[in-house]
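J.: Need coordinates for the below:
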Amino acid sequence: MNNSNFWLKYKPEGKFNLLELANTQRAITNFVKILTEKEIKVAFQSNNDADSFTNGKRITISSTITMNTIDSVVGTALHEAAHCKYTNFDTLKYLKNTLYTRKIESGHDIITTLLNFVEDRRIDSLVYKTAPGYQGYYRSMYERYFYSKTIDKALKGPEYRDENWNSYLFRIINIFNKNTDLNALKCLPTIFKAINLKNIDRLKSTMDSLELAITLYGLLSAHFMLMTPEERKSQVQKNKQNTSDKAPSREETKKAFAKQEQFINGKIHKAASSKKELNQIEAISKSNIKEDKVSAVDKNGVKRTDRKVHVVDGITKSIVDSNLYGIFKYPDFACNNNVNAGINLGKKLLHKLQITNEQVTLASKRLKSGKIDARRVYAANFENDIFYKIDRAQYKPISIHLSIDGSGSMQGEKWDQVLINTVALGYVSLHMQNIDLTISIRTTGEDPSLSSKTAHIPLLVLAFNSKKHTLSDLKKLAYFKVSGLTPEGMCLNALNQYIPSSSYYLDSYLINMSDGFPTFESSGFVYKGKSAILDTAKAVSSIKKKGVKVLSYFIETDVTSIKLNELVESFRTMYGKSATFIDPKNVHQVTKTLNNLFLKRDLVS
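T.: Modelled structure (predicted):
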């Protein structure tokens with residue numbers, strides 16, 4: 001079982017898509033932060049020319065991840081995080097200078113490989129002992145890069161038994177493998193004793209690892225210098241005695257060894273992602289986008305419980321820059337004018353709304369218990385009641401979720417008026433103590449999980465929340481580009497969890513503004529017609545069961561192709577008999593309705 005199953009939300013059948021990569025990036029970043037106690041960026045590879053997997057400040061991971069490789073990717077990231085915490089990168093950076101001062105003028109590449117090997121064993125031992133929760137990831141990493149059937153068989157076979165540097169490097173790198181044969185090379189027992197893997201923790205720094213690497217290099221150099229050509233030839237024959245006949249071919253062994261050397265030297269092949277994909281992954285990560293699964297009924301009346309809706313929490317700069325989903329853009333002059341008009345309208349509304357911030361107090365005097373009334377003490381006798389109590393009551397908090405249809409049919413004057421009035425209400429909510437307003441947009445966009453631009457996904461954009469956002473966040477509503485279809489019921493099912501229930505202490509409302517019927521098509525799934533209308537009605541009913549009051553406004557359009565009576569009946573089937581039809585120029589009716597809600601004088605003590 002994968003260790004990653006404990007935190008992975010989904011189990012992809014193939015290569016991870018962009019959303020899954022972003023979630024994985026966040027999870028690995030958290031692991032790295034816990035291990036290093038530092039803010040170290042974890043990113044995906046954008047090209048294949050980087051030799052170092054980490055430079056101490058940034059960790060790069062492969063963008064080709066499947067359920068079969070996820071644990072090893074996490075293990076590799078943790079391994080690099082251990083370098084960030086325990087390795088002195090200056091020792092690596094100035095290695096050649098150090099060797100020159102020691103008068104070691106050759107063998108720099110070999111010493112570098114030996115140093116990397118020893119340092120890896122040192123830091124991995126530290127993490128393995130101090131963070132047992134990460135051991136499973138480490139095992140997966142070693143299984144992927146070191147423990148393979150090819151290497152296991154090759155250690156018993158005749159290859160890499162010549163008395164040369166290449167053979168010794170192969171045997172040293174795999175010296176911790178259970179199939180290691182210490183008789184494969186004459187000096188290998190001496191090297192094994194010098195490394196002393198069981199007591200690798202005796203090395204306290206990168207410089208200690210370097211000292212050991214230099215020692216190993218010295219032992220082998222002396223060994224080669226003392227051997228005559230005849231002795232070398234005789235020793236090789238002895239080394240190859242009693243080897244396995246079932247060993248892999250020389251090419252197979254060479255390929256497996258090269259993979260190990262690349263890992264040791266930080267040259268792991270990291271599959272590249274395009275710049276666009278990297279920007280989108282970054283946008284997904286920063287925008288806290290998640291994938292919800294909801295139920296929906298297709299046009300044939302068949303209920304599907306695995307329909308996906310992407311929930312976008314906030315509009316960030318990265319999501320606009322990456323053009324994620326194809327629904328965001330920087331606003332033009334007209335959009336900015338609408339936002340400013342909304343703010344000015346909000347200021348006018350706010351001027352009228354004062355009583356909801358008031359607090360009512362009532363002082364009760366001449367009581368037998370409570371606080372002492374100092375003004376009555378001077379005249380008190382043993383029979384007087386001199387205590388008082390103050391009761392306070394305030395206006396009942398209101399939670400409003402304003403959900404807007406952001407499909408392509410809302411373009412033009414309808415969206416302009418909706419934007420102005422929505423910004424006005426958002427401005428009011430930012431300045432009222434007991435009014436919380438959330439603004440969401442329902443639409444569809446290009447699915448970043450799939451490569452095809454024709455593949456769309458239902459979207460629920462949680463664009464503004466007065467509890468955590470500011471005026472600058474409210475202005476970002478202008479960044480939304482009206483487009484897409486109308487996955488009404490699907491988005492409302494996803495929206496339900498973000499709408500609080502009404503109670504004695506809270507009035508909860510859902511305000512809907514839309515202009516069309518439920519419509520969505522993708523990958524053979526068709527959501528429209530009577531079944532979609534009834535499915536939307538069911539979603540609205542589910543929200544109402546929480547005590548939420550639903551007010552729905554249909555912004556009218558040209559209905560030449562649809563009978564008005566049919567349109568009215570269908571809309572009221574979805575949202576109830578109180579559903580209202582308004583002209584685009586009268587969107588301020590919604591603002592007036594909410595203004596009346598703000599002025600409600602329900603008190604709670």
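J.: Quick check: mean pLDDT of whichever helix or strand residue 153 is part of?
T.: Residue 153 is located in helix 149-156, with elements delineated by DSSP states H and E. Helix 149-156 comes out with an average pLDDT of 90.
J.: Can you name the residues that contact residue 475?
T.: Residues in contact with residue 475, defined by CB atoms under 8 Å, 6 or more residues apart in numbering, are 339, 423. Glycine gets a C-beta too; all of them are placed from N, C-alpha and C.
J.: now swap in the one 5 residues further on and tell me
T.: Under the criterion of CB under 8 Å, 6+ apart, the contact list for residue 480 reads 315, 327, 328, 406, 441, 461, 463.
J.: mind running it again at 7 Å?
T.: Residues near residue 480 by CB atoms under 7 Å, 6 or more residues apart in numbering: 327, 328, 406, 441, 461, 463.
J.: you'd agree the fourth one is in a helix?
T.: Think residue 441. No - secondary structure of residue 441 (DSSP: H, G, I helix; E, B strand; the rest coil): strand, not part of a helix.
J.: Quick check, pLDDT for it.
T.: pLDDT, residue 441: 96.
J.: And for it, the neighbour number?
T.: By other CB atoms under 10 Å, 27 other residues sit near residue 441.
J.: Kindly provide the distance from it to residue 176.
T.: Distance, residue 441 to residue 176, using CB to CB, to the nearest Å: 56 Å.
J.: just residue 286 next, same as before
T.: Here the criterion is CB to CB. By it, residue 286 lies 41 Å from residue 176.
J.: low-scoring stretches of the stretch 401-550 of the chain, by residue?
T.: Scanning the stretch 401-550 of the chain for pLDDT under 70 picks out 449-454.
J.: quick one, helices of it?
T.: Per DSSP state H, counting those that start in this stretch, the stretch 401-550 of the chain carries helices over the ranges 413-430, 471-475, 488-495, 529-544.
J.: Just the buried ones among the contacts of residue 480, please.
T.: Neighbour counting with 16 or more other CB atoms under 10 Å marks 327, 328, 406, 441, 461, 463 as buried within those.
J.: and of the residues you listed, the nearest to residue 137?
T.: residue 461 (34.9 Å; CB to CB).
J.: Let me have the buried ones among the contacts of residue 480 in CSV, extended by distance to residue 501.
T.: As requested, the buried ones among the contacts of residue 480 are exported to CSV (distance: CB to CB, whole Å):
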residue, distance to residue 501
327, 30
328, 32
406, 26
441, 23
461, 23
463, 23
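J.: Out of those, which is nearest to residue 219?
T.: Closest to residue 219 out of those is residue 328 (62.3 Å), distances taken as CB to CB.
J.: was I right about the closest one contacting residue 481?
T.: Yes - assessed by CB atoms under 7 Å, residue 328 is found in contact with residue 481 at 6.2 Å.
J.: how far out from the middle of the chain is the longest helix seen in the chain?
T.: For the chain, the helix with the greatest residue count under DSSP state H is helix 108-130. The chain centroid and the centroid of helix 108-130 are separated by 31 Å under CA atoms, centre = their mean, to the nearest Å.
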